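Undergrad: quick one, fold the following:
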Amino acid sequence: MFGSIKVKLLPLFVLVVGLSACKPAPESTSQSNKSNAKTWQCLTTQSHCQFDLGVGHIELLFDVNKIVAEQASRMMIKYQGPEKISHISGYLEGVDMYMGKVPLFFEQQLATAARSQSLINHDTDTSTESTKGVTSQVTQTQSFQADILVGSCAAEQMTWRIWLTFTTSEQKTFNKTLTIVSYRH
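TA: Residues are numbered from 1 along each chain as shown. Okay, the predicted model is just below:
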């Protein structure tokens, strides 16, 4: 009796042991990097994607294609200009309905670089081959990111105003506002 039970359970035992020993093949690093890479984009409902800031140029991007209420997303500010941005502060507030001020905490990303450009001012006197009028200007390229989490309201969509204050290393401040739209689902 026990012999026939052993024979009947043997295939089941082999199957269970075989399946428990299996594990998925590791992902290749190229597939892993693709899944971890974020696509930064301008929202279709965003009032401004790019704007000039007295001392440079700003590009404002998001890691999602639309802002959904109560779902975290990230905002990235890319700056390029002659002065370094030392700090960015900001907050969100509802336009359609007041829902308080949602603070934005920006962190500078490590992939910041400075590049030197030569600006040549050609002198009208062509008798000399000197480098008169050659000046060097350093262009700062910086990136800042902040988490965004907006609350849900009764409306299907809601307009939010983003208030941003940029402070340069020369202690100059610039204020900018723009709007975005969030959705309940």
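Undergrad: which residues does residue 54 contact?
TA: By C-beta atoms under 8 Å, 6 or more residues apart in numbering, the residues touching residue 54 are 172, 174. Every C-beta, even on glycine, is put in place using the N, C-alpha and C of the backbone.
Undergrad: from residue 170, how far off is it?
TA: For residue 54, the distance to residue 170 (C-beta to C-beta, to the nearest Å) stands at 11 Å.
Undergrad: cool, residue 91 as well?
TA: For residue 91, the distance to residue 170 - C-beta to C-beta - is 24 Å.
Undergrad: give me the more crowded residue out of these two.
TA: residue 91 (16 against 10; other C-beta atoms under 10 Å).
Undergrad: thought the more buried one was touching residue 104?
TA: Yes. The pair residue 91 / residue 104 is scored as a contact, 5.8 Å apart, by C-beta atoms under 8 Å.
Undergrad: just the strands in the chain please.
TA: Taking DSSP state E as the criterion, the chain contains strands spanning 50-53, 56-62, 67-68, 73-81, 85-94, 101-105, 107-108, 113-120, 134-148, 157-168, 173-183.
Undergrad: and those strands: which comes nearest residue 42?
TA: Proximity to residue 42, assessed across the strands of the chain by C-beta to C-beta, is greatest for strand 56-62 (6.1 Å).
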